[in-house]
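Trainee: A predicted structure for the sequence below; I have some questions about it.
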Amino acid sequence: MHHSVEIDGLSFSYPDGHIALREISLHIQPGEKVALVGPNGAGKSTLLLHLNGILLGQGIVRVAGMEVKPANLGRVRASVGLVFQSPDDQLFSPTVFDDVAFGPIYQGLPESEVRQCVEEALAAVSMLDYAGRVSHHLSVGEKKRIAIATVLSMKPEILALDEPTSGLDPRARRSLIHLLDELPITMLVSTHDMLLVNELFRRTVVMDEGRIVADGPTGQLLQDAALLEAHGLEKPRVI
């Protein structure tokens, strides 16, 4: 059985010379849900973009048993559902149905299968009634759910989410947490929402300045006040 995610010795610099990742190694088991936390500029989003080959650094990245390299990108991107921080970066079609159908159509599935994929993905995020709606008229919380549905329709093995609860009101946030909790899928979630981390993830990875500085059981790391303070994180206050 392969790991869902295997990253070994990954380094990456942006064209301006900024070093974003320094010798990152991270292994995630199938079905594991892992939080990725750290201050802005720690390299969290850069790391997520390596999972489906939007960025390609030095080192080894394997997802779902495949090496992330140009020859494999089609299969890799079908296996890793990347959900951006802003759903407006993900939603661009006339209707919700078209947005969610985009991936399966691109994969060349017949129309009946596309329809089934869309319905299953929308049902998974409790948005089945929204198929005919115009995406850009929806609330932020609704858009976030549709953005997740656009990747679920591809039946990925891994979900990579960047700040999924940012910009949500309490009710939308609560319902998104419930959704993420129920999805039976490997997840790596970058977030500043420490209450979300505490509630949803058994394992937390702390990044700072392009390095993994801690990786362990969430309960243990969130009790380590010195660690949290050193890396600009706040211990969650239970609401």
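Mentor: Sure thing, it's come through.

Trainee: State the three-state secondary structure for residue 161.
Mentor: Three-state assignment for residue 161 (DSSP: H, G, I helix; E, B strand; the rest coil): strand.

Trainee: residues contacting it?
Mentor: 82, 83, 148, 180, 187, 188, 189, 190, 191 (Cβ atoms under 8 Å, 6 or more residues apart in numbering). C-beta here means a position set from N, CA and C on the backbone, and glycine is covered the same way.

Trainee: Looking at those, which are in helices?
Mentor: The helices, defined by DSSP state H, take in 148, 180 from the contacts of residue 161.

Trainee: Are any of the contacts of residue 161 buried, and if so which?
Mentor: 82, 83, 148, 180, 187, 188, 189, 190, 191 (16 or more other Cβ atoms under 10 Å).

Trainee: What residues sit buried inside the helix or strand containing residue 212?
Mentor: Element membership of residue 212, judged by DSSP states H and E, is strand 211-217. Neighbour counts over strand 211-217 (16+ other Cβ under 10 Å) mark 212, 214, 215 as buried.

Trainee: re earlier: right, and out of the buried ones among the contacts of residue 161, which lies closest to residue 3?
Mentor: residue 188 (11.9 Å; Cβ to Cβ).

Trainee: Bridged to the closest one, which residues?
Mentor: Counting by DSSP bridges, residue 188 is bridged to residue 34, residue 160.

Trainee: separation between it and residue 96?
Mentor: 26 Å (Cβ to Cβ, to the nearest Å).

Trainee: now the strands for this structure?
Mentor: 5-13, 19-28, 33-37, 58-63, 66-67, 80-83, 158-162, 186-190, 203-208, 211-217 (DSSP state E).

Trainee: so what secondary structure elements neighbour the shortest one?
Mentor: Strand 66-67 makes packing contacts with helix 73-79 when contacts are defined by 3 or more Cβ pairs under 8 Å, 6 or more residues apart in numbering; DSSP states H and E.

Trainee: how about the helix it packs on as CSV, C-alpha atoms only?
Mentor: Output of helix 73-79 as CSV, limited to C-alpha atoms (Å, rounded to 0.1, in the frame of the first residue of the first chain):
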residue,chain,number,x,y,z
LEU,A,73,0.5,15.7,-14.7
GLY,A,74,-2.9,14.7,-16.2
ARG,A,75,-3.2,11.7,-13.9
VAL,A,76,-1.8,13.5,-10.9
ARG,A,77,-4.3,16.4,-11.3
ALA,A,78,-7.2,13.9,-11.5
SER,A,79,-5.9,12.3,-8.2
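
Trainee: Can you point out the buried residues in it?
Mentor: 76, 77, 78, 79.
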